[in-house]
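show me the folded form of this:
(2 chains)
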Amino acid sequence: DVKVTQSSRYLVKRTGEKVFLECVQDMDHENMFWYRQDPGLGLRLIYFSYDVKMKEKGDIPEGYSVSREKKERFSLILESASTNQTSMYLCASKITSDRANEQYFGPGTRLTVT
Amino acid sequence: KQEVTQIPAALSVPEGENLVLNCSFTDSAIYNLQWFRQDPGKGLTSLLLIQSSQREQTSGRLNASLDKSSGRSTLYIAASQPGDSATYLCAPKNYGQNFVFGPGTRLSVLP
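Numbers count the residues shown, from 1 in each chain, chains lettered A, B, ... in the order given. Predicted coordinates:
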């Protein structure tokens, strides 16, 4: 079974702190994604990566950056956390092919910025 | 830009009922469509992936249908159980694009 793990289930940080969210997948997937999920707004794509050291902006990249130094690991970085970044963060991975592929999600990290 | 709607937004049914969840999308040129389940406070679990060339995909009590030309997919749940209570999301995918997620249908199955 594909496994996508995220470093923390719950995280509480202070405004202005630098925050790292880690995601690891064990299926050698090329593509990895970071989403945030908010009530009434659904899932919104922050950043994604097609391969090691490659990154692309999603729909809401402002205030975030990412790092993909190894194929299995995709990190989301909040350079200076703000209260409006309080949210559920979801990581996902998939293979490159458009056909016969599924997107697999991690359990999520509930981040609270105070 | 692909836009996805799901109707109804919430549904409450007694145990044992068969039910249908609807997903509509504006750009019908999709490659595939994935249905997910999400339990409160958890990540998404993949239920079914239906290719653009398929009309139906089945897994246990779940059946997903796809009508590309009309921009619709339905998820049919047979003989619903309290354990089916969750939010169900659909996500169509166009070629060269990422999945776009609908807002979800929150399902409650009452014992």
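
near chain B, which residues of chain A are found?
A:4, A:33, A:42-43, A:45, A:48, A:58, A:88, A:90, A:92, A:98-108, A:110 (C-beta under 8 Å from any C-beta of the partner chain). (Glycine included, C-beta is placed from N, CA and C.)

would you mind checking those residues for buried ones?
Buried by 16 or more other C-beta atoms under 10 Å in any protein chain shown: A:4, A:33, A:42-43, A:45, A:48, A:58, A:88, A:90, A:92, A:98, A:101-108, out of the residues of chain A next to chain B.

those in strands, which ones?
A:V4, A:F33, A:G42, A:L43, A:L45, A:F48, A:M88, A:L90, A:A92, A:Y104, A:F105 (DSSP state E).

turn those into TSV, columns for pLDDT.
Converted to TSV, those look like this (pLDDT from 0 to 100):
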residue	pLDDT
A:V4	94
A:F33	96
A:G42	86
A:L43	92
A:L45	95
A:F48	95
A:M88	96
A:L90	97
A:A92	95
A:Y104	91
A:F105	94
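
hmm, which two among those are most spread apart?
Distance extremes for these: the farthest pair is A:V4 and A:G42 at 19.6 Å, using C-beta to C-beta.

could you redo the ones in strands among the buried ones among the residues of chain A next to chain B as a markdown table and give each row distance to A:Y10?
Converted to a markdown table, those look like this (distance: C-beta to C-beta, whole Å):
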| residue | distance to A:Y10 |
| --- | --- |
| A:V4 | 17 |
| A:F33 | 21 |
| A:G42 | 21 |
| A:L43 | 19 |
| A:L45 | 23 |
| A:F48 | 24 |
| A:M88 | 10 |
| A:L90 | 14 |
| A:A92 | 19 |
| A:Y104 | 22 |
| A:F105 | 17 |
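
and residue 71, what does it touch?
Going with chain A. A:D28, A:H29, A:E30, A:D51, A:V52 (C-beta atoms under 8 Å, 6 or more residues apart in numbering or on different chains).

to clarify, I was referring to chain B.
By C-beta under 8 Å, 6+ apart, B:G71 lies in contact with B:S24, B:F25, B:T26, B:D27, B:S28.

thought B:Q6 was touching the second one, still the case?
Think B:F25. No - between B:F25 and B:Q6 there is no contact under C-beta atoms under 8 Å: 9.9 Å.

overlap in contacts of the two?
The contact sets of B:F25 and B:Q6 overlap at B:C90, B:G102 (C-beta under 8 Å, 6+ apart).

could you show which parts of chain B are in contact with chain A?
Within chain B, the residues that sit near chain A (C-beta under 8 Å from any C-beta) are B:31-32, B:34, B:36, B:41-46, B:49, B:51, B:89, B:91, B:93, B:95-96, B:98-99, B:101-104.

let's see which of these end up in helices.
Among the residues of chain B next to chain A, no member falls in helices (DSSP state H).
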